[in-house]
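Trainee: Sharing a model that was predicted from the sequence below.
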Amino acid sequence: MIETYRGIVYPTQLDHMGHMNVQWYTAKFDEATWHFVSALGLTQDYVQGSGMGMAALQNTTHYKAEVMVGRLLVIKSKLLEINNKTIKFLHVMYDAESGQEVATSELIGAHLDRTKRKAVPFPEEIAAKARAMLAAEQ
């Protein structure tokens, strides 16, 4: 797994019960996603220069522990699967101080032609990086 996010829980991110609201888990996982796909070659330069991008198709989040204000968080991510036009990956959010797993998010995303608004195959260099990442995980 690679580290894709590091941050803190701020008071403004709490809900009326005093723990981090679900919208902030999603936001932090989204930030981790962009670091993760960048590691595959889907960088900001690639997105702006190619007219391609990524679109979320499915997201499953599991909340395992409440996270309170001031907690330091870290997210680590790994690729689970790559297909012609889609990838499946997992984020695991940890309390950075205790090491406790607090949430997971499994996502499926499609490589998107932003002009045509449809899924298209990954370029070979990105697919090759993804295959290498999968091989390293095993």
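Mentor: Arrived safely, thanks for sending.

Trainee: what sits up against stretch 67-78?
Mentor: Outside stretch 67-78, the residues that touch it by CB atoms under 8 Å, 6 or more residues apart in numbering are 1-11, 13-14, 18-20, 25, 28-29, 32-33, 35-36, 89-97, 102-103, 133, 137. C-betas here are computed from N, CA, C, even on glycine.

Trainee: Just the terminal-to-terminal distance for that stretch.
Mentor: End-to-end distance for stretch 67-78, by CA to CA, to the nearest Å: 22 Å.

Trainee: Buried residues, that stretch. List them.
Mentor: By neighbour count on 16 or more other CB atoms under 10 Å, the buried set for stretch 67-78 is 67, 71, 73-78.

Trainee: Among the contacts of stretch 67-78, the buried ones, what's the PyMOL command?
Mentor: The PyMOL command for the buried members of the contacts of stretch 67-78 (criterion: 16+ other CB under 10 Å) is given here:
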select buried, resi 4+5+7+9+13+14+19+20+25+28+29+32+33+36+89+90+91+92+93+94+95+102+103+133
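
Trainee: Report the distance from the longest helix along the chain to the chain centre.
Mentor: In the chain, with assignment by DSSP state H, the single longest helix is helix 22-39. In this view, helix 22-39 has its centroid 4 Å away from the chain centroid, taken as CA atoms, centre = their mean, to the nearest Å.

Trainee: And the strands in the protein, which stretches?
Mentor: For the chain, strands defined by DSSP state E occupy the ranges 2-8, 52-63, 72-82, 86-95, 101-113, 118-119.

Trainee: Residue 129 is nearest to which of the ones you listed?
Mentor: With CB to CB as the criterion, residue 129 lies closest to strand 72-82 of these, at 9.5 Å.

Trainee: one step back: for the longest helix of the chain, output the C-alpha coordinates as CSV.
Mentor: Extracted in CSV, the C-alpha atoms of helix 22-39 (Å, rounded to 0.1, in the frame of the first residue of the first chain):
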residue,chain,number,x,y,z
VAL,A,22,-19.4,11.3,6.9
GLN,A,23,-19.0,14.0,4.3
TRP,A,24,-15.4,14.6,5.5
TYR,A,25,-14.5,10.9,5.3
THR,A,26,-15.6,11.1,1.7
ALA,A,27,-13.6,14.3,1.1
LYS,A,28,-10.4,12.8,2.6
PHE,A,29,-10.9,9.6,0.6
ASP,A,30,-11.3,11.8,-2.6
GLU,A,31,-8.1,13.6,-1.9
ALA,A,32,-6.4,10.2,-1.5
THR,A,33,-7.9,9.1,-4.8
TRP,A,34,-6.1,11.9,-6.7
HIS,A,35,-2.8,11.1,-5.1
PHE,A,36,-3.3,7.4,-5.9
VAL,A,37,-4.2,7.9,-9.6
SER,A,38,-1.4,10.3,-10.0
ALA,A,39,1.0,7.5,-8.9
